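S.K.: A structural model of the following input is requested.
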Amino acid sequence: PIRLEPAYAPAWVLLADYYIGGTFFAQGPPRELWLKAKECAQRAVAADPDFADAHTAVGYTAALSDFRWGEALGRFDTALRLNPASARTHYLRSQVLFHSGRGSEGVVSGQRAVDLDPLDALYGSVLGLCLVLLGEPARAADHAAQVLEIVPHSPTAKCVLGIGLGRQGPYQEGIKLLEEGSNEATGLFSMRSFLSWACVGAGRRDDAEKVLAGLEEKQRNRYVPPATLAVAAIGLGQWEQALTWIDKAIDERDPTLFWVTLWTETEPVRREPRYR
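M.R.: Sure thing, here's the model as predicted:
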């Protein structure tokens, strides 16, 4: 569509979404993908300043690539004035609220996205992930189960349900779901790291170490988000190794870093002087 009509804003937004998705699904170093996403988002706004989703894309990329949280939220306000019923805007706004430490508000915004578009598996699954971050695995599992009733084969929902069960038991069921979901979702390594936590919870430390070793092995042949390795290392109590990966995640603008910075169960590593 862009080749046929370079001023078609929705196409630029979709292309921005493609690059944004690539930062989460390990399609390459995030810094490079964020630059492409920002360019597409800015082209969308230039093409149609009244298109709400274009402002949403600009805001989201500003937040995740440059940590400009206030600017991002301002863009979301503009987008919601233009289209108050934009589920996409409410969804991405919820993520930025979480990243900037406003978790309760993030849940409200995420729930609004689900209410506006209840058939979108991503919105419901990520709302579940946010509840995991807040230390509410039971609620997270409930949301994931609801998504799976609508989209039975959603890999992300399987992983979220697995995380929820893995943090409260039954561990074996959580491990099974995490294995299935992370194997089905190519590149979604962030979910694989929670398999390490589930194995530790089940008393299977050797298997947890194999998960981390497997991620390190994959890194030799393709991009693996450093925050994923950090989360797996934290689950094993390997603080120094985790902190090395955290440094790299910050430098690379790895969007999955929020698992380390916000998740209640990673608090021990956040008490380390090097982390501060």
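
S.K.: Off-centre distance for the helix or strand harbouring residue 123?
M.R.: For residue 123, the host element (DSSP states H and E) is helix 121-133. Centroid separation for helix 121-133 versus its chain: 9 Å, with C-alpha atoms, centre = their mean, to the nearest Å.

S.K.: any idea which helix or strand comes after it?
M.R.: Downstream of helix 121-133 (by DSSP H and E), the next one is helix 137-150.

S.K.: Could you list the residues in contact with that next one?
M.R.: With C-beta atoms under 8 Å, 6 or more residues apart in numbering as the test, helix 137-150 has contacts from 118-119, 121, 124-125, 127-129, 131-132, 154, 157-158, 160-161, 163-168. (C-beta placed from N, C-alpha, C; glycine too.)

S.K.: Please put the alpha-carbon coordinates of that helix into CSV.
M.R.: In CSV, the C-alpha atoms belonging to helix 137-150 read as follows (Å, rounded to 0.1, in the frame of the first residue of the first chain):
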residue,chain,number,x,y,z
PRO,A,137,-0.4,-14.8,39.4
ALA,A,138,-3.9,-16.2,40.1
ARG,A,139,-5.6,-13.2,38.4
ALA,A,140,-3.1,-13.5,35.5
ALA,A,141,-4.0,-17.1,35.0
ASP,A,142,-7.7,-16.3,35.0
HIS,A,143,-7.2,-13.8,32.2
ALA,A,144,-5.0,-16.1,30.2
ALA,A,145,-7.6,-18.9,30.5
GLN,A,146,-10.3,-16.5,29.2
VAL,A,147,-8.1,-15.7,26.2
LEU,A,148,-7.6,-19.4,25.5
GLU,A,149,-11.4,-20.0,25.5
ILE,A,150,-11.6,-17.5,22.6
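
S.K.: pLDDT on that helix, on average?
M.R.: For helix 137-150, mean pLDDT is 93.
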